[in-house]
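S.K.: give me coordinates for this.
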Amino acid sequence: MPRIEAATVREHHDLRRQRLLEAARASLLDPSLRSVGFEHIGPRAGIRRNSVYLYFPSETHLYIALAEQEVAELAKALEDVVASNEGDAAFSAIVDLVLCPEPRVEFELLRRLATRTTAQRADLAVSRSQELYTELARPLAALYEAQGAQPAGHLARLAVGILEAAASEQASVQHLEELKAITARALAALASAAR
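M.R.: Reported below is the predicted structural model:
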């Protein structure tokens with residue numbers, strides 16, 4: 001019988017599931033990997049590839065679980081920024097949060113989910129990615145609403161798209177001046193939508 005790594009079997013499964021999610025996140029950030037599949041994630045987590053299926057029936061399910069975790073954390077951070085800042089200061093804090101030096105995986109995950117049209121459970125991946133984009137837009141909608149900008153929900157979805165594009169562009173920059181330019185453009189686009 002295999003040895004469990006926690007006080008209870010449930011805790012053992014939760015621990016291994018979280019290790020797989022952390023391995024998936026690390027794999028997404030690894031530039032040497034062209035694709036992120038169970039063949040990379042299992043060994044990185046110290047779990048045999050065939051055992052990964054005990055926790056996630058497909059790679060789509062793994063991406064969804066990781067996206068749900070990462071997007072929830074970013075959405076909460078965005079809510080906190082909106083609650084503690086006003087006007088242009090809020091937009092600046094949002095851009096700083098999303099375009100921080102620490103690599104982010106939320107938008108990469110959402111892109112992968114939205115484009116899994118040939119994957120197992122493509123319907124689930126695409127619909128869940130849309131729900132998660134909406135979750136990210138909610139704090140921004142509250143900010144646009146507070147500033148009287150309408151339609152706040154649509155502006156917020158556009159703002160999320162701008163942040164996603166800026167984060168993608170940021171990943172390829174090599175110089176600080178380029179990063180500053182991306183940050184300034186993103187900030188100007190978000191703030192101008194409120195006017």
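
S.K.: thinking residue 173 is in contact with residue 183, fair?
M.R.: No. With contacts counted by CB atoms under 8 Å, residue 173 stays clear of residue 183, the gap being 10.3 Å. Any C-beta I mention is one placed from the backbone N, CA and C, and that applies to glycine too.

S.K.: who has more neighbours, those two?
M.R.: residue 183 (17 against 13; other CB atoms under 10 Å).

S.K.: need the contact list for that one.
M.R.: Taking CB atoms under 8 Å, 6 or more residues apart in numbering, we find residue 183 in contact with 95, 96, 99, 166.

S.K.: can you map out the strands along the chain?
M.R.: Taking DSSP state E, the chain contains no strands at all.

S.K.: where does the prediction get shaky in the protein?
M.R.: Filtered on pLDDT under 70, the chain yields the residue ranges 1-2, 34-35, 117-120.

S.K.: domains of it?
M.R.: 1-56, 63-193 (automatic domain parsing).

S.K.: and the contacts of residue 183, which two are the farthest apart?
M.R.: 96 and 166 (11.5 Å; CB to CB).

S.K.: neighbour count winner among the two?
M.R.: Set residue 96 next to residue 166 and count neighbours by other CB under 10 Å: residue 166 wins out with 22 against 12.
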